[in-house]
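Student: below are the sequence and a predicted model; questions follow.
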Amino acid sequence: MQIYNSLTRRKETFKPIHEGKVGIYACGPTVYNYFHIGNARPFITFDVLRRQLEREGYEVTFVQNFTDIDDKMINRANEQGITVKELADRFIGEYWTDAKALGIRPATVHPRATEHMQQIIALIQRLVDNGHAYPGKNGDVYYRVSAFSGYGKLSGQNMEDREMGASERLDVETDKENPADFVLWKAQKPGEPAWESPWGMGRPGWHIECSAMSMTYLGDTFDIHCGGKDLLFPHHENEIAQSEGATGHPYVHYWMHNGFINVDGEKMSKSLGNFWTVRDISKEFDLEAVRMFMLSAHYRSPINFSHEQISEARTSLQRMYTARDRMRDLLTKAPDSALTADEQALLERVKEHERRFDESMDDDLNTAAAISAIFELVRDANAHLDQHSSRAAVQAVLDSFTALTGVLGFAQKDKLSDPTEQPIPEEIMQMAQERAEARKAKDWKRSDELRDAIKAAGYILEDTPQGQKVRKAT
Ligand SMILES: [Zn+2]
């Protein structure tokens, strides 16, 4: 697989540290709210990376943390009059709900920062011991940027033009040796949750949490670290400084960053009123459509979110479901005949579509081209499979479809939901029930009358192999 490595700024052939195994760390959400569509993009993208690596035979250890202690968490918990832990527990629960609906698999491990204080403190201690960090007068501990010559190698930013991250700006720091130094440990302020440490009661900075948790589960050096482009600086730059400053070894071999999301052509922000959480969107769309929308573009390209785009993505997805259902239906009555020459040619083409899919995915996760390969397969299936097709042919095409859509996480459930759909009224369901009974009694006249009455009320009754179905006429 070719991966664009943000560290070297070029595509490189992926080579794992340990044959057949891959360790991946992805920065997870700060659990103070529902996550927004900007957060959803890396979750979906790197879930697909993991699935493709598994398809290629790797054993993947995928670690995605929960940031469950920081300024935003503390402020929000105070606003709501609950503890930080209560807030974290609630929004970790909400994370699972949305992640599941987006088709994001749980990671191998989801470490929480507050459950890794020992590892975090030990890492800071190592940095203090070897001169890469120093305690200030008030119980804060800072990273000494000048002690790490590799600072800036990821972002290209040097010490002089280093801006401070938003979370640090909140602190009034007075005893840093250098304005570029950043905080590893924050002394407790009144009313804040705190942990015991060699520097007094306090809590970790955000950057050190990710260094400590990633190395706990993946070792001092691991394969892939990923996240949104907005995390590249200072968060990931600081992670490198902390980890390599402590161990003296390279921290990560491949850094992957996804591009930004705009909403209706503008940067998403609360003040512009175009801020969308995934939960908001779930009130209108099956979230699988959001997944399709995200994967329809290359992960490093900026994308523009709009309702029209999600609606189009849903239509594409429905085509996949329809093709799948048709193949499943054909399979129930397919004859056990030998493959015809046409069917053999079809299966050859299907192999070709699979090859194109894998080539696209191996080209730095070109999911847009991989989706086109699936639609080539769908077109072939729709055009060349029918009730005369042999079981072996239908099964082979369906297996291939299932494997490829499985990597992207599409068409895995019974059907797409429509959250805006009104339930079918009770009286219509009643009429449908009566009609089923009339048919059973071979009372065709009554059966037709009821069907017409249902139609006149704006609903359509369909007889399917699974029984009758009622839906609203469109
Ligand atoms: Zn992180």
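Tutor: Arrived safely.
Student: which parts of the stretch 151-300 of the chain are helices?
Tutor: 166-169, 206-218, 237-247, 278-282, 288-295 (DSSP state H, counting those that start in this stretch).
Student: what about residue 450, neighbour count?
Tutor: Using other Cβ atoms under 10 Å, residue 450 is surrounded by 22 other residues. Bear in mind the C-beta positions are built from the backbone N, C-alpha and C, glycine included.
Student: relative orientation of the longest helix seen in the chain and helix 288-295 in degrees?
Tutor: Counting residues, the longest helix in the chain under DSSP state H turns out to be helix 307-333. Relative orientation of helix 307-333 versus helix 288-295 (axes from the mean of the first three to the mean of the last three Cα atoms, to 10 degrees): 110 degrees.
Student: can you tell me which of the helices of the stretch 151-300 of the chain comes nearest to the ion?
Tutor: helix 206-218 (3.2 Å; Cβ to the ion).
Student: can you state the direction angle for the closest one and helix 237-247?
Tutor: 60 degrees.
Student: how far does helix 206-218 sit from its chain's centre?
Tutor: Helix 206-218 sits 20 Å away from the centroid of its parent chain (Cα atoms, centre = their mean, to the nearest Å).
Student: how about the contacts made by residue 101?
Tutor: 278, 282, 286, 287, 288 (Cβ atoms under 8 Å, 6 or more residues apart in numbering).
Student: can you point out the buried residues in the longest helix of the chain?
Tutor: Using 16 or more other Cβ atoms under 10 Å as the test for burial, helix 307-333 gives 309-310, 313-314, 316-318, 320-321, 323-324, 326-327, 330.
Student: after it, next one along is what?
Tutor: Next along the chain after helix 307-333, taking DSSP states H and E as the criterion, comes helix 341-362.
Student: next, the buried residues of that next one.
Tutor: In helix 341-362, counting by 16+ other Cβ under 10 Å, buried: 343, 346, 347, 350, 353, 354, 356, 357, 358, 360, 361, 362.
Student: so which of those residues comes closest to residue 377?
Tutor: residue 353 (4.3 Å; Cβ to Cβ).
Student: how much space is there between the closest residue to that closest one other than its chain neighbours and residue 146?
Tutor: In space, residue 353 comes closest to residue 377 once its chain neighbours are excluded; the distance is 4.3 Å by Cβ to Cβ, 6 or more residues apart in numbering. According to Cβ to Cβ, to the nearest Å, residue 377 stands 56 Å off from residue 146.
Student: higher neighbour count, the two?
Tutor: More crowded of residue 377 and residue 146, by other Cβ under 10 Å: residue 377, with 24 against 13.
Student: in the sheet, who's paired with residue 226?
Tutor: residue 26, residue 256 (DSSP bridges).
Student: that one and residue 92, how far apart?
Tutor: Taking Cβ to Cβ, one finds residue 226 at 20 Å from residue 92.
Student: look at those two and report which has more neighbours.
Tutor: The neighbour comparison of residue 226 against residue 92 (other Cβ under 10 Å) goes to residue 226, with 26 against 16.
Student: tell me who's in contact with that one.
Tutor: Neighbouring residues of residue 226 by Cβ under 8 Å, 6+ apart: 24, 25, 26, 27, 42, 45, 46, 49, 255, 256, 257, 258.
Student: then residue 372?
Tutor: Residue 372 neighbours (Cβ under 8 Å, 6+ apart): 356, 360.
Student: tell me if it really is in a strand.
Tutor: No - secondary structure of residue 372 (DSSP: H, G, I helix; E, B strand; the rest coil): helix, not part of a strand.
Student: can you start the count at 19 instead of 1 from here on
Tutor: Got it, the first residue is 19 from now on, which makes the last one we talked about residue 390.
Student: elements contacting the longest helix of the chain?
Tutor: helix 306-313, helix 385-402, helix 409-426 (3 or more Cβ pairs under 8 Å, 6 or more residues apart in numbering; DSSP states H and E).
Student: so which of the ones you listed is the most packed in?
Tutor: helix 306-313 (a mean of 25; mean count of other Cβ atoms under 10 Å).
Student: make CSV out of the helices and strands packed on helix 325-351 and add distance to the ion.
Tutor: What follows is the helices and strands packed on helix 325-351, written out as CSV (distance: least, Cβ to the ion, whole Å):
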stretch, distance to the ion
helix 306-313, 20
helix 385-402, 23
helix 409-426, 25
